[in-house]
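1. with the sequence up front, the predicted model follows.
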2 protein chains.
Amino acid sequence: MHRPATAPIFLAPIMRQADPGEVLFLEGDPCEYVYELRHGIARGVNISVEGERQITAFFFAGDQIGLPIAEAYRFTAEAVTELCFVRYSRPCWIEVFIRSCCEQGRLLPSICAEQDPIFRRGIIVGRYGVLARICAFLISVIDRLPEKEGMRVFPLPRVDIAAYLALAPESVCRGFRQLREMGIIAMPQRDRLRLEDRQGLEAIASGAQI
Amino acid sequence: MHRPATAPIFLAPIMRQADPGEVLFLEGDPCEYVYELRHGIARGVNISVEGERQITAFFFAGDQIGLPIAEAYRFTAEAVTELCFVRYSRPCWIEVFIRSCCEQGRLLPSICAEQDPIFRRGIIVGRYGVLARICAFLISVIDRLPEKEGMRVFPLPRVDIAAYLALAPESVCRGFRQLREMGIIAMPQRDRLRLEDRQGLEAIASGAQI
DNA sequence: CGGGGTCTTGATTTCATTCAAAAATGGTGG
DNA sequence: CCACCATTTTTGAATGAAATCAAGACCCCG
């Protein structure tokens, strides 16, 4: 299991659980804890005044989320699947952070690890075309999904993928079908996925015409 | 090195300049310097393999960009207008960063200040509709534009706005026209802008139907 | 006073959303 | 184990919005 370089420094904390849909923390709340995912998938959610819901990132086992970079959390974090996680209090996390800054002289994978998915999502959503977005999305998640009997476990609801890609759920569905018909992916069930043609996927993701 | 407590955090560095279009640093290059803008506007650019160009952020006077959060810069930085800036070497910046972490116990506006615009852009681009995106964009920049004779100086090329909003330049143009006709903004010249109806702007930005 | 670039406008085409409905899935209780 | 229901997913057809295509206007600079 992937784990950030800071993890071993912490004392073993209590392992906690969350059910699908459960909220870990709310956008705007003061950053009290940093959450470290051990198992399962979480989503970062932002809701506009008018109720438009965007998923700004998906997070996986090994990710730390809710870093106290600002005073308040910048997104709401919810469990997508059953979740196992631990959490560190803000002062405790900052202490470890600073120590590891001093020792290693670099600003830590941890900050990067939370910011990067958000950054990448911006670029994915900025692409033209349903297929390009879906492919770019798949590339960014496929390697972090657990494997089972030669297939990736892909438990993300279509609605969530749509909210992440800024598309209608129907468009997501049609996109997946097209990729199946093109022989780029296999999806025998909703939540099982296998990459058949990585090159093709990458080509479409980076804007190649079909 | 001994320094009185009242001393400015950084020693006064050399003031540098850049012309429109000039590159400050390139995506992928190792983070050698942090750039602090003193005057003018810069853009963060990401180019896909196929040449699709996205502007992932605009930066203004007071912003620090190119923070060494990862080993390499995650975007290319270019001057949009004439630019004045200073820069700090990576080790120097990190030293100040850590000290200020320790003293204040918080992770600094500085990181936030670079990440936030990128985060916000993701949300803007994730919105449906040309007008909603343009309005959300205007809200995020209008207060950072310098004022002149009762109008904001708005020197961003339409092409850049389009690359930022993931729209065609023509759509940006039509959007601005519509906002003008609705009496929400005034744009007597390309690079002059006045907000006539902030509430209206905010309403459209957050998804209100017209 | 040109001339190259950016910007704006209009007409057309393309593509994604929407609307509507059917199929699949998962969970529950008999 | 099966029938039933609620929810999610998938599919098809129609609508609508933004991209594209093609000119024309404007602006800056020499």
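-> Structure received.
2. which parts of chain A are strands?
-> A:16-18, A:23-25, A:33-39, A:42-47, A:53-59, A:64-65, A:76-79, A:83-89, A:147-148, A:151-153, A:185-186, A:192-195 (DSSP state E).
3. does anything pack onto the fourth one? Which helices or strands?
-> Pointing back at strand A:42-47 there. strand A:53-59, strand A:76-79, helix A:158-165 (3 or more Cβ pairs under 8 Å, 6 or more residues apart in numbering or on different chains; DSSP states H and E). C-beta: built from backbone N, CA, C; applies to glycine.
4. quick one: buried residues of the longest one?
-> It stands for helix A:158-165. A:158, A:160, A:161, A:162, A:163, A:164, A:165 (16 or more other Cβ atoms under 10 Å in any protein chain shown).
5. does any part of it sit near chain B?
-> No - using Cβ under 8 Å from any Cβ of the partner chain, helix A:158-165 never reaches chain B; the gap is at least 8.6 Å.
6. ok so, going back, out of the buried residues of helix A:158-165, which touch DNA strand D?
-> When Cβ under 7 Å from any atom of the strand is applied, the members of the buried residues of helix A:158-165 adjacent to DNA strand D are residue A:158.
7. could you dump the buried residues of helix A:158-165 to JSON lines with pLDDT?
-> Shown next, in JSON lines, are the buried residues of helix A:158-165 (pLDDT from 0 to 100):
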{"residue": "A:158", "pLDDT": "97"}
{"residue": "A:160", "pLDDT": "97"}
{"residue": "A:161", "pLDDT": "98"}
{"residue": "A:162", "pLDDT": "98"}
{"residue": "A:163", "pLDDT": "97"}
{"residue": "A:164", "pLDDT": "98"}
{"residue": "A:165", "pLDDT": "98"}
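8. average pLDDT across stretch A:103-117?
-> Confidence for stretch A:103-117, expressed as mean pLDDT, is 77.
9. kindly check the end-to-end length of that stretch for me.
-> Taking Cα to Cα, to the nearest Å as the measure, stretch A:103-117 stretches 26 Å from start to finish.
10. so which residues make contact with that stretch?
-> Contact with stretch A:103-117 is made by A:4-6, A:57-59, A:63-65, A:67, A:69, A:97, A:100-101, A:140, B:67-71, B:74, B:91, B:94, B:97, B:111, B:115, B:118, as judged by Cβ atoms under 8 Å, 6 or more residues apart in numbering or on different chains.
11. can you pull out the low-pLDDT segments for chain A?
-> Scanning chain A for pLDDT under 70 picks out the ranges A:1-11, A:105-108, A:209-210.
12. ok, residue A:171 touching residue A:162?
-> Yes - the pair residue A:171 / residue A:162 is scored as a contact, 7.2 Å apart, by Cβ atoms under 8 Å.
13. hang on, the earlier thing: make JSON lines from the buried residues of helix A:158-165 and add distance to residue B:135 to it.
-> Below are the buried residues of helix A:158-165 laid out as JSON lines (distance: Cβ to Cβ, whole Å):
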{"residue": "A:158", "distance to residue B:135": "29"}
{"residue": "A:160", "distance to residue B:135": "26"}
{"residue": "A:161", "distance to residue B:135": "27"}
{"residue": "A:162", "distance to residue B:135": "23"}
{"residue": "A:163", "distance to residue B:135": "21"}
{"residue": "A:164", "distance to residue B:135": "23"}
{"residue": "A:165", "distance to residue B:135": "22"}
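14. coming back round to it: just the buried members of the contacts of stretch A:103-117?
-> Those of those that meet the buried threshold are A:4, A:6, A:57-59, A:63-65, A:67, A:69, A:97, A:100-101, A:140, B:67-70, B:74, B:94, B:97, B:111, B:115, B:118, by 16+ other Cβ under 10 Å.
15. need the contact list for the most centrally placed residue in chain A.
-> The residue lying closest to the centre of chain A (Cα atoms, centre = their mean) is residue A:58, at 1.9 Å. Counting by Cβ under 8 Å, 6+ apart, residue A:58 makes contact with A:41, A:42, A:43, A:44, A:80, A:117, A:141, A:156, A:160, A:164.
16. same check, this time on residue A:81
-> A:20, A:40, A:41, A:155.
17. what's the neighbour count on the third one?
-> When neighbours are defined as other Cβ atoms under 10 Å in any protein chain shown, residue A:41 has 25 of them.
18. cool, the first one as well?
-> A count of nearby residues for residue A:20, using other Cβ under 10 Å, gives 14.
19. the top helix by length along chain A to helix B:108-125, inter-axis angle?
-> Across chain A, the longest stretch assigned as helix under DSSP state H is helix A:109-125. Relative orientation of helix A:109-125 versus helix B:108-125 (axes from the mean of the first three to the mean of the last three Cα atoms, to 10 degrees): 20 degrees.
20. now, which of the buried residues of helix A:158-165 sits nearest residue A:188?
-> residue A:158 (16.1 Å; Cβ to Cβ).
21. what's the distance between that closest one and residue A:60?
-> 19 Å (Cβ to Cβ, to the nearest Å).
22. repeat for residue A:51
-> 28 Å.
23. neighbour count: these two, which is higher?
-> More crowded of residue A:51 and residue A:60, by other Cβ under 10 Å: residue A:60, with 18 against 8.
24. give me the neighbour count for residue A:169.
-> Neighbours of residue A:169 under the rule other Cβ under 10 Å: 14.
25. could you do residue A:120 as well?
-> Residue A:120, neighbours per other Cβ under 10 Å, totals 18.
26. what is the burial count for residue A:133?
-> Residue A:133 has 24 nearby residues by other Cβ under 10 Å.
27. for it, what are its contacts?
-> A:124, A:125, A:127, A:165, A:166, A:167, A:175.
28. of those residues, which is the most crowded?
-> Most crowded among those, counting by other Cβ under 10 Å, is residue A:125 at 25 neighbours.
29. report the contact partners of residue A:158.
-> A:169, A:172, A:173.
30. adding distance to residue A:207, write these out as TSV.
-> Below are the contacts of residue A:158 laid out as TSV (distance: Cβ to Cβ, whole Å):
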residue	distance to residue A:207
A:169	24
A:172	19
A:173	22
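31. go through the residues you listed and name the one nearest residue B:191.
-> The closest of those, once distances to residue B:191 are taken by Cβ to Cβ, is residue A:172, at 39.8 Å.
32. the closest one contacts residue A:163, doesn't it?
-> No - under the criterion of Cβ under 8 Å, residue A:172 is not in contact with residue A:163, lying 9.7 Å apart.
33. ok, back up a step: now the longest helix of chain A against strand A:33-39, angle please.
-> 70 degrees.
34. do helix A:109-125 and DNA strand D meet?
-> No - using Cβ under 7 Å from any atom of the strand, we find that helix A:109-125 stays clear of DNA strand D, coming within 12.5 Å at best.
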